[in-house]
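Visitor: just coords:
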């Protein structure tokens, strides 16, 4: 027996006799059919995030086999283990409610089980941030790979992809432009295979920013789920995991303030999902620092959107892959990046860029002097409606609505919105500002992707395509429109959003970076004096109680306070 705390000797069960603990462990692992030779090799844990409820992860079994092949070719022993798997459309009340649970699962299983390094397999929206949050907290050598984007579908000659086209075509159905029979036909064509949404949704965004921050081998973010390169990348990931085990390179040495700044820069350049901000903030909190929201704004002002992908553009992720993937973007903004950051490859970002194949002519990634959108894809807003901030994806908004003042039409909850939004009696015009309250981290709960408030049916039937919409909710990265999100503090926590009433004038000034309700401070204080928190926030037991007791606001990534490296003092909040 060895005193070296690696492999089977690492993290022994505590029986008061380390020798017996190792003896017992080896007895039971041998029941799996392993030889002593196999058990003496570096052990690489592989997270199995396959689930019958998660189409984005349909190819995980194939990826695991490829990772195992890479591990064994490099002289290691691969051991897969199950972990929570979350799909956006299959998680009640919302996937965000469960992200922190998955992160805890990842952290504790990586820490509790004997592995010298771990391979993290993510894909659908919340799985990648959950895995990175867990890896940051456990801090053993880890490397990420993803399931990859779906290929596109087709309907009557039109190229389709989940889920920007889901929303666009559903909007046309609501407006009466597409009948029931055709929408059902379309339904079977939007997601034609395994993989994540093939537009610049949250899954694509998190894959790209994870590669940019150095936690994924170069090129991995954009490879389609069905492509052979996806398996070759997985094999290389497995081989690299064995090397990481030997080198001891940890996530906290890769995910630094500088590499997180690289992630934010890429988030802006690719026109990424607003959800990326929440997830990066959560990862930063696990690492012991706050995501710099002022820096996000500064980077936005100087980093144009370069990737012509839906919903900000017209292409899909497989087109970005064919254009050279993230490297093509990085070459345009390399002078803006912290290129001396070490990546999971063991090389710096600069070395990774230099060693990638030469770029070629393409029309998916624009040059800096010919962007899709100037002035940043994402903008932070402040004002008396959002003292702690709010976010707008200005690259996907209607230009004419970026400065707008209109009367509020208020929905007090998701249920209230569902009940009244399409009512013919709803007092609403195209100039109205739709306000959704109590849809934040505690209010919904789980801060669902409800910020994409549908256009009221009677306005949609008149041809209205966009309106200013504000909420404390999130929005899918696949969505579009003039939509203010993540308003903080949220309504359910006593934020000013919960004080807005029908008819109040709301002013949005994206250029000025503000979102305000045109009321006096005195009037707001009078309303606050009679405000009451929603009853459901007083959960009594289980994970729900843990969630309500510990969840933080959007600017802190909606993480649990006790999971942060430095918990917030929330005693007086």
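Guide: That came through fine. Only a predicted model underlies this, so the values are computations on that prediction, with no experimental measurement involved.
Visitor: whichever strand in the chain runs longest: partners in the sheet, and parallel or antiparallel?
Guide: When the chain is parsed with DSSP state E, its longest strand is strand 403-411. Strand 403-411 pairs in its sheet with strand 433-436 (parallel), strand 505-509 (antiparallel), by DSSP bridges.
Visitor: nearest to residue 494, out of those strands?
Guide: Checking the strands paired with strand 403-411 against residue 494 by C-beta to C-beta gives strand 433-436 as the closest, at 16.3 Å. Backbone N, C-alpha and C define where each C-beta goes, glycine included.
Visitor: and the helix or strand just after the closest one, what's buried?
Guide: Sequence-wise, the next helix or strand downstream of strand 433-436 (DSSP states H and E) is helix 457-460. Using 16 or more other C-beta atoms under 10 Å as the test for burial, helix 457-460 gives 457-460.
Visitor: and helix 457-460, average pLDDT?
Guide: Here helix 457-460 scores 94 as its mean pLDDT.
Visitor: cool, stretch 191-205 as well?
Guide: The model assigns stretch 191-205 a mean pLDDT of 95.
Visitor: swap in stretch 56-71?
Guide: 98.
Visitor: buried stuff in that stretch?
Guide: 56-60, 62-71.
Visitor: wait, which of those is closest to residue 32?
Guide: Distances from residue 32 to the buried residues of stretch 56-71, taken by C-beta to C-beta, are shortest for residue 68, at 13.8 Å.
Visitor: would you confirm that the closest one contacts residue 46?
Guide: Yes - judged on C-beta atoms under 8 Å, residue 68 makes contact with residue 46 at a distance of 7.1 Å.
Visitor: quick revisit: give me the contact list for the longest strand of the chain.
Guide: Strand 403-411 has contacts (C-beta atoms under 8 Å, 6 or more residues apart in numbering) with 417, 420-421, 426-428, 431-437, 453, 468, 482, 500-511, 517-518.
Visitor: right, and the helix or strand after that strand?
Guide: helix 414-420.
Visitor: flag every buried residue along that next one.
Guide: 414, 417.
Visitor: same check on stretch 439-452?
Guide: Quick answer for stretch 439-452 (16+ other C-beta under 10 Å): 439-452.
Visitor: now the end-to-end length of that stretch.
Guide: End-to-end distance for stretch 439-452, by C-alpha to C-alpha, to the nearest Å: 12 Å.
Visitor: next structured bit after whichever helix or strand residue 263 is part of?
Guide: Assigned by DSSP H and E, residue 263 falls within helix 257-269. Next along the chain after helix 257-269, taking DSSP H and E as the criterion, comes helix 275-287.
Visitor: for that next one, packing partners?
Guide: Counting contacts by 3 or more C-beta pairs under 8 Å, 6 or more residues apart in numbering; DSSP states H and E, helix 275-287 packs against helix 127-138, helix 202-213, helix 257-269.
Visitor: measure the nearest residue to residue 116 once chain neighbours are set aside to residue 132 for me?
Guide: Nearest residue to residue 116, sequence neighbours excluded (C-beta to C-beta, 6 or more residues apart in numbering): residue 245, at 3.7 Å. Residue 245 is 19 Å from residue 132, where distance means C-beta to C-beta, to the nearest Å.
Visitor: more neighbours: which of those two?
Guide: It is residue 132, of residue 245 and residue 132, that has more neighbours when counted by other C-beta atoms under 10 Å, with 30 against 24.
Visitor: report pLDDT for the closest residue to the more buried one other than its chain neighbours.
Guide: Excluding its sequence neighbours, the residue lying closest to residue 132 (C-beta to C-beta, 6+ apart) is residue 283, at 5.3 Å. Per-residue pLDDT puts residue 283 at 98.
Visitor: hang on, the earlier thing: among the strands paired with strand 403-411, which is the most enclosed?
Guide: strand 433-436 (a mean of 27; mean count of other C-beta atoms under 10 Å).
Visitor: so which strand or helix has residue 238?
Guide: Going by DSSP H and E, residue 238 is in helix 228-247.
Visitor: sorry, that was for residue 522
Guide: For residue 522, the element it lies in under DSSP H and E is helix 521-529.
Visitor: give me the buried positions along that helix.
Guide: Those would be residue 524, for helix 521-529 by 16+ other C-beta under 10 Å.
Visitor: what pLDDT, on average, does that helix get?
Guide: 97.
Visitor: and it, how far out from the chain middle?
Guide: 36 Å (C-alpha atoms, centre = their mean, to the nearest Å).
Visitor: contact partners of it?
Guide: Here helix 521-529 has contacts from 384, 494, 496, 499, 501, 517, using C-beta under 8 Å, 6+ apart.
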